[in-house]
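Q: predicted model and sequence follow; I will ask about them next.
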Amino acid sequence: AANSYGSDTKEFTISIIEQPEILTSELTGYVGCTFSESLELSAGNAASWTITSGKLPKGLTLNTSTGAITGKPTAKTSTSVTFKAAGTSWEVEKAVYFTINSKPAKPTISTSKLKDGEIDEYYSANIKTSGTAPITLSANGLPNGLSMNEDGEISGTPAVAGNFTMTITASNIYTELNNVTITKKVKLKIKAKAPVINTPSELPMAVLNQNYEGYTFTLSEGTEPVTWSASSLPKGLTLSSSGVLSGKPTKAGKFNMTIKAKNDRSQASIKVPLIVYQIPEITTTKLSNGVTDKKYTVRLAAK
């Protein structure tokens, strides 16, 4: 600054502050449920918040110092409200669209038992629900090989057979807002594969009153474990629960055995012939005496 008497000079520092923007565009709530949202700025903090156009949905209030909007909406509505945020050297306005939906319904799982599946066969089934969408589902206790997506579809190839009780959890906006957990026990049976017995081409030879070499029956298909049993066996022979034929036959003859294998799914049976042979035994114990130079004849006996 200068005049006819002299001049003066002074330095100043000016801070250039970025003009903030209101980032919030839409807010959603539900009738009767706690609403807690804050209007967001792109930078800095506002000294005050005011409404310049429109009205908040009934039941909500604005904190003019922080920009927080809280309360419990009392009616379904859709409306636009214009807010002004002011700082020490700036002001900015923006319209925010409010959607207040009907009071949400809690999720309900209506499925209690799923259709049966079979081990090693592809399986697919759905958990049925009702309530305010979207509903997200999760599961604990699924059989190995099966999985469930968020929509409740259970699929895959089960690797084990048995009866399973799964815990299904359903969540939606109702559970989120009310901090509750909705679960239900759902039953699922995975069936075993029906047993099919391998028919032996030839069994080891059985001899009366001698230890039998033994034979183990097996399955050509079917789910283990199986329980083996038999009928019409030669006396002295037994079939163990694991399918082993053994023992010492005490009666000779031809026997048409019935071999059975049973699992959780069903029972299979086959007919298997077995001959118990008898080694000949000479029953003659003493011969009559003979005389020299005379014809001698005697009949030996055996059985």
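A: Nice, I can see it. Numbering: from 1, shown residues only.
Q: from now on I want contacts and neighbour counts done on CA atoms only, so please keep to that.
A: Noted.
Q: contacting residues for the spatially closest residue to residue 55 that is not a sequence neighbour?
A: Using C-alpha to C-alpha, 6 or more residues apart in numbering and skipping residues adjacent in sequence, the residue nearest residue 55 is residue 81, 6.0 Å away. Applying C-alpha atoms under 8 Å, 6 or more residues apart in numbering to residue 81 gives the contacts 51-56, 95-98.
Q: residue 172: which of these is nearest?
A: Residue 172 has its nearest neighbour among the contacts of residue 81 in residue 98, at 20.2 Å by C-alpha to C-alpha.
Q: mind checking how far the helix or strand bottoming out on mean pLDDT in the chain is from the chain centre?
A: Scoring the helices and strands of the chain by mean pLDDT, DSSP states H and E places helix 173-178 at the bottom, with a mean of 88. Computed by C-alpha atoms, centre = their mean, to the nearest Å, the separation of helix 173-178 from the middle of its chain amounts to 25 Å.
Q: show me which residues of stretch 244-258 are buried.
A: For stretch 244-258, a neighbour-count test (16 or more other C-alpha atoms under 10 Å) marks 244-249, 251-252, 255, 257 as buried.
Q: what sits against the one residue sitting closest to the centre of the chain?
A: Most central in the chain under C-alpha atoms, centre = their mean is residue 142, positioned 2.4 Å from the mean C-alpha point. The contact partners of residue 142, taken as C-alpha under 8 Å, 6+ apart, are 164-166.
Q: just residue 144 next, same as before
A: Taking C-alpha under 8 Å, 6+ apart, we find residue 144 in contact with 158-160.
Q: list only buried entries from the contacts of residue 142.
A: Buried subset of these (neighbour count, 16+ other C-alpha under 10 Å): 165-166.
Q: residue 138: which of the contacts of residue 142 is nearest?
A: The closest of those to residue 138 turns out to be residue 166 (C-alpha to C-alpha; 10.1 Å).
Q: relative to residue 111, how far out is that closest one?
A: Here residue 166 is placed at a distance of 11 Å from residue 111 (C-alpha to C-alpha, to the nearest Å).
Q: repeat that for residue 150.
A: 15 Å.
Q: what of residue 283?
A: The value you get for residue 283 to residue 111, if C-alpha to C-alpha is used, is 78 Å.
Q: sorry, back to before: please enumerate the shared neighbours of residue 166 and residue 111.
A: Joint contacts of residue 166 and residue 111 (C-alpha under 8 Å, 6+ apart) are residue 186.
Q: still on that earlier bit, give me the subset of the contacts of residue 142 that lies in strands.
A: When DSSP state E defines the strands, the subset of the contacts of residue 142 inside them is 164-166.
Q: quick one: which of those residues is nearest residue 209?
A: Nearest to residue 209 among those: residue 164, at 49.6 Å, using C-alpha to C-alpha.
Q: tell me what that closest one is bridged to.
A: Bridge pairing for residue 164 (DSSP bridges) gives the partners residue 188.
Q: residue contacts, it?
A: Residue 164 neighbours (C-alpha under 8 Å, 6+ apart): 141-143, 187-190.
Q: buried subset of those residues?
A: By neighbour count, with 16+ other C-alpha under 10 Å, the contacts of residue 164 hold 142-143, 187-190 as buried.
Q: hmm, residue 82 and residue 92 touching each other?
A: No - contact criterion C-alpha atoms under 8 Å: residue 92 and residue 82 do not qualify, at 10.4 Å.
Q: mind listing the shared neighbours of the two?
A: By C-alpha under 8 Å, 6+ apart, residue 92 and residue 82 have no common neighbours.
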